[in-house]
Structure formats: C-alpha cells, structure tokens
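[1] Quick one, what's the 3D model for this:
(one chain, ligands or ions: 1)
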Amino acid sequence: MMTVTIRARIAAAVMAASVAVACERGEPVKTAPAMTLALVDGHIWTGDPSRPEAEAVAIAGDRIAAVGTTDDIRKVAGAAETIDLHGQFVTPGFVDSHVHFLEGGFRLTSVHLRDAKTREEFVSRIQQFAATAPKGTWITGGDWDHTLWGGDLPRRDWIDAVTPDHPVWVNRLDGHMALANTAALRAAGVGDSSADVAGGEVERDANGHVTGLLKDNAMDLVTARMPAPSAEQNDRALDAAMKYVAEQGVTAVHHMGTWDDLDVFERAWRAGRLTTRIQAAVPLATWERLAQTVASRRFGADGHGDLWLRVGVLKGFVDGSLGSHTAAFVEPFTDASHDRGLFVTPPDDLYKWISGADRAGLYVAVHAIGDRAVGAILDIFERVEREDGPRDRRFRIEHAQHLRPADIPRFQHLNVIASMQPYHAIDDGRWAERIIGPVRIRTTYAFRSLLDAGARLAFGSDWYVAPPTPLEGIYAAVTRRTLDDKHPGGWVPGEKITVDAALRAYTSGGAYASFREHDAGTIAPGMLADLTVIDRDLRAIAPEQIRDAHIVRTIVGGNTVFARR
Ligand SMILES: [Zn+2]
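    Numbers count the residues shown, from 1 in each chain. Down below sits the predicted model:
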C-alpha cells in the first residue's frame, strides 16, 4: 500500500491549489512538474453541475488539478504518469456512509456463515473453523441468516459438541441477535437464572433453559465479558478492511463504533497509514466525553481531525431491526399482532443526549428503522432545533427504512439526512411484506419519495451487516430487484431511482453528510483526488447489468490504493 507523510500531503495540496487556480483562469499552466498523475480518454461522471462530463483529469499531489478533454489534459500533464482509460468510467470516490469498519475487518478473517443454507452447513463451518483456531480463542462474527434454512433460530446444543474448547459468539447478519455456545455462556456467567435485560431478550426454551440466543441489549451480557482484541489484531483488522473496501471502489467511510475503535484509527492516522478516509462516530451516550476530547485538541487544531480522520460525531439508537421484530412500528407487526417492536433507548435519554451534544457543537446520527422510531427521532430533532436555534447541524437518521407518509417531507424541512443502505432493500424485500403487510411496504426504503420531497440521501452498506459494495448498492437502488429474483420489475418499483441519483447518494451525498462537500464528492479542480474507475459506464448499460461491472482502480488522495490486474 502506498502512503505519504502528512507533511507531503500538505505540500502537495498547496501546489495543487495553485495549479487549479491557474487552470480556472485559463492561463497557461507553468507548474507542470507538480502534476503527478493523469487519467485520459475516459467517461468521467464528475458530479459537478458546472461540468457534468469530461474525458480526462489531471492530479497534482492529493488534489485534482484540471478536468477537461483528453487533449487539454495531455497538454498540462507534462511528465506525469498518464493512464489511458480506453473509455472506462470514472466517478468521484465512493463514500460508504454507514459501516462497522473493524467488525467488517475481523469478519474477513473469521468463520463465514452468511450463505450457510442448512443447519448442517451452519454446524460444519463452525466445526471446521474451530479446528484451525487455537484452543480457548473466541470464534466470533459469522453473519448467519436463519431464513435460509427455513427459519429455525439456532441453539447452543447445535454446536456444543463440535466446539468444546472454543467459546463461540456468532451473530445474525443484522447484528441484532447472536448465538453463544455453552462455553461462551459459561465464560460470560450467563445461565438459566440470568435475568432478562431491558431492550433485549435472553431466549429460553419451554423448560426455561437458556438456548444461547441473545437479542439486542441482552447481547451485552456476553460482549461485555469477551476479551478485547489485541492492538495487533485490531491493526490487522483495519488493514484488511481498508484493502477490502478499496477493491470495491470505496475511498471514504463513515464508521459507527466505539472509543476503542477510535484508538485504532488514531494509531493508523498518526502513523500516516490510513488509505481510506474515515469519519468515526462514537456512542451518543458518551457525548460529554467526546465534547472534552474535541476541546482537548487531541485531533488537531479545531478538534475534529482532518481529511483522513474526522471526529465529533455521535451515533445513537432508537430501535432494533425488522428481521428480529425489534424495529418500532406504530401499528403491530402483520405476523405478530401483539407486538409492535421496541425502543432500545428511552426517548427522554435520546433527547437529553442529543440536546447536550448539539449545544456542545457535536454532530448526531441516530439509527431508526420502524416508522414509530423514525417519527420519534424526527420529533426530537425538531425540538432540539427549535430550542437551540439555527445551526448547520445536518442531523442524520441511519437506515430510515419504514416511513409514515407524513414523515417523508420532514426530512427536507428539518434538513435531516436519510442515511440509507439500498442493498438492505433487495435483501429485506424477500420477506418484509410478511412482517409489515402490503400497505407499509409502499413507503419502505422510499428513495424516490424522499428525493422528490427534496431530502438528501447518503448511501452506504452497513458493512459487516451487508457487503460494502457500492456497485451492488447502485444496482439495488436502480432496479430494486430482490436477491431471490422474484421481483424482476422491482420490489415497490415506484421507489426506484436513476443511476445519476444513486451515484450522487454514494459520492456527494456522503461528502455532504460528513461536512466534506468542499473537498470531496465531486471531480473538479481543487477537490481531493479520490476517484473510482469502473470498467463500464453504468448509465450506458441495462440496469440489471450494473452488478456485473468491475472496479478497475481506486485512487485516494492521488495514490492508487487498488488496481485490478
Ligand atoms: Zn449499522
């Protein structure tokens, strides 16, 4: 991986800025040696309304110096390395606006259960992985999906016999429930006499014995007692995550995580080792600690980091997930008439924390999936804005999956960003109607309605929950064809959006959501040289072929961090 020192980055930025100014004035460019890389003969989707299309781009250091025709750019490129794209497609670097980056990195090297289609496969994969792991080490991750084998939730007695020497703690792919084997329950001190947990559930069988399955807040019973990964393990996970997302064309991520995660990012940041730009959110309940951290200038002069690592953002939760029936709805679930989901955080606490964070000049993103949860958090955002007065606060709702029609225009009125993950739509679209019925699905993953109402979208993946692959996300938003291919014309087709709109949500939308729109998200002189090269023009192919496109090259800050061989 190529890295440059922070000092070199600053020097390059200064040079690039002067070149960019010269180009804009139309003066001959005399500082040609500053050019470091040129891409010519491509189809460049700039995202810049003043010049939406171009053939070529020149880079000086970590910034874009010039955008234009191939002839223009060849003239200014001088001795810079010049890559002929042969008509390939270029977009601003993709921003994944919702990831769990280190958990994703850890999963790259752990047991894979996501596509286990039978109970036997689930068990044998865990057994095989255990055979490769030193005795006593925890086996985590997994991302199983019980709907693939008919819907039976896994139990510890499925795997106890094959994992006597390893505590196992493997989660459902949505992260809202996980299975512990008996060794893990013992290590965590969880047993039949363990009490239930507010906002969570310890599942028990008909005889009152714990099955090993823990939901939502009850998962803390185990995670709180798990040994923390070592610094070296964390660094390895970060490196794996950065390499993997670069292969998907991603140049920046918005990470939703912990203070421990922030330490890992900070270590890489100080060492100049980051190759993905990271905005790192920490838990909303810890807003006072974040306010102190920003004030301490641990992350630079303004306390909020720089273009590689941004801090000052908090992430909270209103409810759970649709798949676990823990998302909060106004009306009961269609398949569980006694149940309308739950709030995992009391609204009074959310209000108190958000209000405090807002007054401290911090930024807030809150997970809300069910329509009752989305309505509740919009109410809180509205109240805080009314009480604290105007400010460029850019509140975010993470997921915003199920909306009451009346809440859709509120995103624009309150300038609340809908941070959504289109891949979830074609995944959930297989079974969501069973849970919420035919009416509520009409305003589920309502991309089109939100855009028509003037709302801003920021797209992402929710990796590790879903693959961090913007091409699949764009495919999902444009086609809404469910993963089981049962909706060839699109699931709730009225909510499909154009390729252009999906590209914006993956580029400038993400940049705006992290206050980076003056540095990233479009291809224009002076912007960061974060670029994604794709083997075909996504606008020129049939929508269903978008997921067959390949990332060819990923450039971050002028450096190629991935090139397809
Ligand atoms: Zn998430």
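[2] Against which helices or strands is the strand ranked longest in the chain packed?
    Criterion DSSP state E: the longest strand present in the chain is strand 309-317. If contacts are counted by 3 or more CB pairs under 8 Å, 6 or more residues apart in numbering; DSSP states H and E, strand 309-317 sits against helix 259-270, strand 277-283, helix 287-295, helix 347-359, strand 363-368. All C-beta spots, glycine's among them, are computed from the backbone N, C-alpha and C.
[3] Sketch out the low-pLDDT regions of this protein for me.
    For the chain, the stretches flagged by pLDDT under 70 are 1-33.
[4] For the most centrally placed residue in the chain, which three-state class applies?
    Among the residues of the chain, residue 98 comes closest to the average C-alpha position under CA atoms, centre = their mean, at 2.1 Å. Secondary structure assignment for residue 98 (DSSP: H, G, I helix; E, B strand; the rest coil): strand.
[5] That one contacts residue 462, doesn't it?
    Yes. Because the distance of 5.1 Å satisfies CB atoms under 8 Å, residue 98 is recorded as touching residue 462.
[6] anything in contact with each of those two?
    Shared contacts of residue 98 and residue 462, defined by CB atoms under 8 Å, 6 or more residues apart in numbering, comprise 399, 421.
[7] what about the helices in the stretch 51-200 of the chain?
    Taking DSSP state H, counting those that start in this stretch as the test, the helices found in the stretch 51-200 of the chain are 70-77, 101-108, 119-132, 156-159, 182-188.
[8] Tell me which residues are up against the first one.
    When you say that, I think you mean helix 70-77. 23, 29, 32, 35, 38-41, 55-58, 65-67, 82.
[9] May I see the buried residues of it?
    70, 72, 73, 74, 76, 77 (16 or more other CB atoms under 10 Å).
[10] Which residue, other than its chain neighbours, is closest to the third one?
    The spatial neighbour of residue 73 that comes closest, neighbours along the chain excluded (CB to CB, 6 or more residues apart in numbering), is residue 56 at 3.6 Å.
[11] my read: the one you found touches residue 80, true?
    No. In this structure, residue 56 is not within contact of residue 80 by CB under 8 Å, at 11.7 Å.
[12] Which strands or helices does the helix or strand residue 44 falls within pack on?
    Per DSSP states H and E: residue 44 is located in strand 43-45. Using 3+ CB pairs under 8 Å, 6+ apart, the elements in contact with strand 43-45 are strand 53-54, strand 89-92.
[13] Nearest to residue 122, out of those strands?
    strand 89-92 (38.2 Å; CB to CB).
[14] rewinding a little: in CSV: the helices and strands packed on strand 309-317, plus mean neighbour count and distance to residue 320.
    CSV is the format used below for the helices and strands packed on strand 309-317 (neighbours: other CB atoms under 10 Å; distance: least, CB to CB, whole Å):
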stretch, mean neighbour count, distance to residue 320
helix 259-270, 18, 21
strand 277-283, 25, 16
helix 287-295, 17, 22
helix 347-359, 18, 15
strand 363-368, 26, 9
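[15] Look up how far residue 483 lies from the residue nearest to residue 264 when sequence neighbours are not counted.
    By the measure of CB to CB, 6+ apart, the closest residue to residue 264 outside its immediate chain neighbours is residue 234, 4.4 Å from it. Distance of residue 234 to residue 483, computed by CB to CB, to the nearest Å: 32 Å.
[16] So between those two, which is more surrounded?
    residue 234 (21 against 14; other CB atoms under 10 Å).
[17] Buried residues, the host helix or strand of the more buried one. List them.
    In this structure, residue 234 is located in helix 231-247 according to DSSP H and E. Along helix 231-247, these residues count as buried under the neighbour rule (16+ other CB under 10 Å): 234-247.
[18] Closest one of those residues to residue 394?
    Checking these one by one against residue 394 (CB to CB), the nearest turns out to be residue 245, at 23.2 Å.
[19] Disregarding flanking residues, what is the spatial nearest neighbour of the closest one?
    residue 468 (5.2 Å).
[20] Need phi/psi at the one you found.
    Taking degrees, to the nearest 10, you get phi -80, psi 60 for the backbone angles of residue 468.
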